[in-house]
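S.K.: the amino acid sequence is not available; the structure is as follows:
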């Protein structure tokens with residue numbers, strides 16, 4: 001499957017097979033991870049570790065994300081790791097965002113992790129298999145890009161964003177009002193990056209050219225904006 005096709009099939013996997021991945025498989029995943037283009041001005045660091053090194057991990061392996069403070073680092077991490085999430089599931093592996101897990105030993109700059117591993121859990125059969133908000137609740141238009149973003153995973157499935165489409169421009173606003181203070185605010189910024197990755201993937205699938213990406217990770221009114229042609 002392509003990454004775009006995987007958007008309509010992925011699921012958060014919490015059941016994994018006991019067979020370990022081979023060194024060749026881990027090397028291939030790491031090579032893909034290191035090849036993902038980060039957002040402008042961002043330089044997060046990523047490391048694959050064994051799940052036994054984690055507290056609260058849900059998978060046999062994990063990708064740890066690290067970044068210095070800078071304003072948009074959490075949007076960038078969500079954007080990068082969501083591409084890896086789609087890649088893993090397109091290749092037949094399971095994966096899951098683990099917002100509450102962490103390394104057993106303190107590691108400076110640690111932010112969040114994506115768990116993964118071999119799994120026989122079935123993929124979804126299509127858009128109807130997802131439990132999501134109505135498209136009209138998260139977008140001012142009904143189109144292929146909006147539908148792809150609607151299916152993006154988010155913390156506790158809040159979908160804390162709203163899409164606004166204009167001519168050659170998509171703005172994804174962080175929309176955390178009404179969801180309370182159940183989760184730390186950083187999770188909504190990761191979610192914004194995840195949604196941005198789905199939007200970019202859908203636009204690329206349609207043959208659109210991404211001209212510019214603008215970010216503002218400054219709080220409740222954060223947004224990610226894509227200009228395309």
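M.R.: Arrived safely, thanks for sending. Computed from a prediction, not measured in an experiment: that's the story for all the values here.
S.K.: name the strands paired with the lengthiest strand in the chain and say parallel or antiparallel.
M.R.: Ranked by residue count, the top strand of the chain under DSSP state E comes out as strand 110-118. Each strand paired with strand 110-118, and its direction, by DSSP bridges: strand 61-66 (antiparallel), strand 93-98 (antiparallel).
S.K.: dump these to JSON lines, plus distance to residue 200.
M.R.: C-betas here are computed from N, CA, C, even on glycine. Listed next are the strands paired with strand 110-118 as JSON lines, based on distance: least, CB to CB, whole Å:
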{"stretch": "strand 61-66", "distance to residue 200": "19"}
{"stretch": "strand 93-98", "distance to residue 200": "18"}
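S.K.: can I get the ones you listed in a markdown table with mean neighbour count and mean pLDDT?
M.R.: Shown next, in a markdown table, are these (neighbours: other CB atoms under 10 Å; pLDDT from 0 to 100):
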| stretch | mean neighbour count | mean pLDDT |
| --- | --- | --- |
| strand 61-66 | 23 | 98 |
| strand 93-98 | 24 | 97 |
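S.K.: out of those strands, nearest to residue 105?
M.R.: strand 61-66 (11.3 Å; CB to CB).
S.K.: just after that closest one, pick out the following helix or strand.
M.R.: As assigned by DSSP states H and E, the chain's next helix or strand after strand 61-66 is helix 73-90.
S.K.: centre of the chain to that next one, how far?
M.R.: Taking CA atoms, centre = their mean, to the nearest Å, one finds helix 73-90 lying 4 Å from the centre of the chain it belongs to.
S.K.: now it: mean pLDDT?
M.R.: Computed over helix 73-90, the mean pLDDT rounds to 97.
S.K.: one more: stretch 192-208?
M.R.: 98.
S.K.: so what does the top helix by length along the chain touch, helix or strand wise?
M.R.: Longest helix in the chain, counting residues (DSSP state H): helix 186-205. Helices and strands touching helix 186-205, by 3 or more CB pairs under 8 Å, 6 or more residues apart in numbering; DSSP states H and E, are helix 3-7, helix 73-90, helix 144-150, strand 161-166, strand 169-174, strand 210-216, strand 223-228.
S.K.: closest one to residue 15 among those?
M.R.: The nearest among these, by CB to CB, is helix 73-90 at 13.9 Å.
S.K.: tell me what that closest one is packed against?
M.R.: Here helix 73-90 touches helix 3-7, helix 23-35, strand 61-66, strand 93-98, strand 110-118, helix 186-205, going by 3+ CB pairs under 8 Å, 6+ apart.
S.K.: can you list the ones you listed in a markdown table and add distance to residue 83?
M.R.: Converted to a markdown table, the helices and strands packed on helix 73-90 look like this (distance: least, CB to CB, whole Å):
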| stretch | distance to residue 83 |
| --- | --- |
| helix 3-7 | 7 |
| helix 23-35 | 9 |
| strand 61-66 | 11 |
| strand 93-98 | 11 |
| strand 110-118 | 10 |
| helix 186-205 | 5 |
